[in-house]
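J.: Show me the folded form of this:
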Amino acid sequence: MCSIKNKNYRYEKKFLIPMMSRDNIVSIFSKIGYGFKEVFTERRVNNIYFDTLNLDYYQQNKDGIGSREKFRVRWYGDLYGEIDPTIEIKTKESSVGTKSFFKIDKMHFNESTTSNIFREDLIANLSGHNLVEKLYYLFPTLLNTYERKYYISNDSRFRITIDFNVKSNNLIISSSKHNYFSKVEKHHILELKYDQEHDLFLQDISNNFPFRVNKFSKYVNGINSLNS
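T.: Prediction:
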């Protein structure tokens, strides 16, 4: 297993897009400048988030605590079957953040995989790594899945991702019914990502967006479905 950490802290600005066709969304990029073009191939993103029994990560995010952390297991492609996961630990310091990536061995995940089984398999996968100690007090709390498009500006300073059909299953309520999604977002989610030194140019881009910056967290929204 290898670990890679982003050296630079960056900004991630989020915009909520009302439900509209993808063609209409793509047409917006022709109006905001910086020559944004699509890169990579659209793909499905799947995440299982971990938190403490007291949901400390959730509460810190909800309360806007300046220094906080997020722990998730991410894989791409089909939700079920043999998955090729990566552990991602996001660290937030005030308005900027960075990520550490831990690539682990392939695992199996299907509709009968309970939260406890997934956690046990993950701990076994991490045998001998100091992350096991962290998992002693972390537990699966949320599964989400969505389709993601990727864009980059012509000077490579700004990246945009757009997430479609965001669905979440609160694993606190149900640890095994993964095909029942308790939360389906009513918006597409656009994220604008860039390094700190480019913050002066943010207004040039955001002024041409027909959307406003929002404080939004897929994790917090998914957990909120517990009370909906």
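J.: tally of neighbours for the residue nearest to residue 118 when sequence neighbours are not counted?
T.: Spatial nearest neighbour of residue 118, chain neighbours left out: residue 140 (5.8 Å); criterion: Cβ to Cβ, 6 or more residues apart in numbering. (Glycine included, C-beta is placed from N, CA and C.) Neighbourhood size, residue 140 [other Cβ atoms under 10 Å]: 21.
J.: Contacts only, for residue 140.
T.: Shown in contact with residue 140 (Cβ atoms under 8 Å, 6 or more residues apart in numbering): 48, 49, 50, 115, 118, 119, 171, 175.
J.: lowest confidence element among the helices and strands of the protein?
T.: Within the chain, no helix or strand scores below strand 2-5, which has a mean of 56 by mean pLDDT, DSSP states H and E.
J.: Can you spell out which helices and strands pack onto the helix or strand that that one is followed by?
T.: Moving toward the C-terminus from strand 2-5, the next helix or strand (DSSP states H and E) is strand 10-18. Using 3 or more Cβ pairs under 8 Å, 6 or more residues apart in numbering; DSSP states H and E, the elements in contact with strand 10-18 are strand 96-103, strand 187-195, helix 202-206, strand 213-214.
J.: one more time with 10 Å
T.: Other helices and strands packing on strand 10-18, by 3 or more Cβ pairs under 10 Å, 6 or more residues apart in numbering; DSSP states H and E, are helix 22-28, strand 96-103, strand 158-170, strand 187-195, helix 202-206, strand 213-214.
J.: most tightly surrounded among those?
T.: strand 158-170 (a mean of 20; mean count of other Cβ atoms under 10 Å).
J.: just checking, what packs against the helix or strand just after that one?
T.: Going down the chain from strand 158-170, the next helix or strand is strand 183-184, by DSSP H and E. Secondary-structure packing of strand 183-184 (3+ Cβ pairs under 10 Å, 6+ apart): strand 158-170, helix 218-224.
J.: so what strands line up beside the first one?
T.: It stands for strand 158-170. strand 139-152 (antiparallel), strand 183-184 (antiparallel), strand 187-195 (antiparallel) (DSSP bridges).
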